[in-house]
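Trainee: Curious how this folds, go ahead:
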Amino acid sequence: MKVLIVHHQMKLYGGAELVVVRLAHYLQEHGHTVRILAASTSRHEEYEGLDIVTPPKQISWHLWDGAVSSLIEIGQVFWALYKLCREHADDYDVVNPHNFPAVWTVPHYKRIVWMCNEVPDLWHRDHANIATHLLKPGKLLDRHIMYHKSPTAIVADSTVAETFYARYRIKPRIIPYGIDGGFFAQPVNVERQNFTIIQPSMISPSKNQMALLKAMKQLRPIISDIKVIFAGYKEQTPYLKQLEQYVAEHNLNAVFTGQLHREELRVLYNKAYIAVFPGEGQGSWLGPFESLAASCPVIISPNLSCAGTIDSLGTVSDNLVQSIQNIHSNYLSAKAQALEGRKFVLNNLTWDKFGARFLEVLEGASK
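Mentor: Numbering: from 1, shown residues only. Below you'll find the model as predicted:
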């Protein structure tokens, strides 16, 4: 079988890109031909052995420069992927787009298996006034396009499945992603000097780092040694500057590490007392389960795509102050829950299980 994977970018290696890479390697290892189309890529050790095709002029993807700039950027990425799809799709049995706008670019006559990490909702911030007005007709257009493409859809969690069905009236299949559980479960000897909280996410308004800083400010009189480590890709954006100014103004013990190698991230999971994911609906599926594999208690927003699965393994709440305080006061209980989460991850969330179930769907769609 020949599978064409389409993803908006492979330049940054985050959670969505990890899923693409693990799937592509699994398919190739089982004798299938795979090509990846993307608007951008980079040199990365995980990409070795993969066939990644980009346009002559690569296009980055940010969505944090304001509504107008973001719409222009989306248009550029869409057009680049649209042309690539028209050039390559006919040579493949099935097309596997990941997320928006990749799924829009696939020719309607092709068999489509859509991996939807999250239902498209491009701005999760109330100050994006232009985007707020455009979002409602944009959702209607999205539903119309997907109705005519009639894809087989895959999501990772029941939370996304409910949102997906509400948007498209298409019932998706639920296939949880894998986790490098064995790697993150390896014990690491670390010295804990503070009540450290980690948020391993790209610095972006959709990841809502500001919510954690505001909670930290309220908690400092109660937890005097509280420290936050933001471990994720960062650029010198207005949002990062806003976060840094807030830290300076309130004299908070917060660190922005930038993107880390997974060995460094494993150390931080072991060093942290809690991993917190207060995102506003965008991504953050892999991080909570990596944390649990390292036996680190987690707090996630109910908006995130893993909320349905995490529900019995960690804390699902938008009240960060209360949730952090509860774990601080009852840490042994939270740690015991995290250990049960570790068992769940190691027994259920493997890349082999994800790949096998995904391959079954691809084979069914290609017939």
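Trainee: how about the strands in the protein?
Mentor: For the chain, the strands defined by DSSP state E occupy 2-7, 33-37, 52-53, 94-98, 113-115, 152-155, 173-174, 195-199, 226-230, 254-256, 274-277, 298-300, 315-316.
Trainee: can you list the residues that contact the longest one?
Mentor: Right, the one you point to is strand 2-7. Contact with strand 2-7 is made by 16-17, 20, 23-24, 27, 32-38, 81, 84-85, 88-89, 91-99, 102-103, 105-106, 362, as judged by Cβ atoms under 8 Å, 6 or more residues apart in numbering. The C-beta positions use only the backbone N, C-alpha and C, and glycine is treated the same way.
Trainee: sorry, back to before: now the strands of the chain as a markdown table including distance to residue 330?
Mentor: Output for the strands of the chain, formatted as a markdown table (distance: least, Cβ to Cβ, whole Å):
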| stretch | distance to residue 330 |
| --- | --- |
| strand 2-7 | 41 |
| strand 33-37 | 45 |
| strand 52-53 | 47 |
| strand 94-98 | 39 |
| strand 113-115 | 38 |
| strand 152-155 | 33 |
| strand 173-174 | 32 |
| strand 195-199 | 14 |
| strand 226-230 | 16 |
| strand 254-256 | 24 |
| strand 274-277 | 12 |
| strand 298-300 | 13 |
| strand 315-316 | 11 |
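Trainee: for the stretch 201-350 of the chain, what spans make up the helices?
Mentor: 209-219, 238-249, 262-271, 286-293, 307-310, 320-329, 331-348 (DSSP state H, counting those that start in this stretch).
Trainee: between the ones you listed, which gets the lowest average pLDDT?
Mentor: Ranked by mean pLDDT, those end with helix 307-310 at the bottom, a mean of 86.
Trainee: other SSEs contacting that helix?
Mentor: helix 158-168, strand 298-300 (3 or more Cβ pairs under 8 Å, 6 or more residues apart in numbering; DSSP states H and E).
Trainee: mind checking how far that helix is from the chain centre?
Mentor: Helix 307-310 sits 14 Å away from the centroid of its parent chain (Cα atoms, centre = their mean, to the nearest Å).
Trainee: thinking again about what came up before, now mean neighbour count, distance to residue 196 and mean pLDDT too, for the helices and strands packed on helix 307-310, in a markdown table please.
Mentor: Shown next, in a markdown table, are those (neighbours: other Cβ atoms under 10 Å; distance: least, Cβ to Cβ, whole Å; pLDDT from 0 to 100):
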| stretch | mean neighbour count | distance to residue 196 | mean pLDDT |
| --- | --- | --- | --- |
| helix 158-168 | 18 | 28 | 90 |
| strand 298-300 | 27 | 14 | 95 |
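Trainee: Mind putting these into TSV with distance to residue 320?
Mentor: Shown next, in TSV, are those (distance: least, Cβ to Cβ, whole Å):
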stretch	distance to residue 320
helix 158-168	19
strand 298-300	7
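Trainee: what's the closest of the ones you listed to residue 235?
Mentor: The closest of the helices and strands packed on helix 307-310 to residue 235 is strand 298-300. By Cβ to Cβ, the value is 24.4 Å.
Trainee: Would you list the strands that that closest one pairs with, along with their directions?
Mentor: Using DSSP bridges, strand 298-300 pairs in its sheet with strand 274-277 (parallel), strand 315-316 (parallel).
Trainee: Residue 298: which of those is closest?
Mentor: Using Cβ to Cβ, the strands paired with strand 298-300 put strand 274-277 closest to residue 298, at 4.9 Å.
Trainee: which residues touch the closest one?
Mentor: 197-201, 207, 212, 269, 284, 287-288, 291, 296-301, 304, 320, 324, 327, 334.
Trainee: By mean pLDDT, point me to the weakest helix or strand of this protein.
Mentor: Sorted by mean pLDDT, DSSP states H and E, the helices and strands of the chain end with helix 129-149, the least confident at a mean of 76.
Trainee: Residue 338 contacts residue 290, correct?
Mentor: No: with contact defined as Cβ atoms under 8 Å, residue 338 does not reach residue 290; the gap is 12.0 Å.
Trainee: who's more crowded, the two?
Mentor: Taking other Cβ atoms under 10 Å, residue 338 and residue 290 do not tie; residue 290 has more neighbours (25 against 22).
Trainee: Check the contact between that one and residue 178; I expect there is one.
Mentor: No: counting by Cβ under 8 Å, residue 290 does not reach residue 178; the two are 11.1 Å apart.
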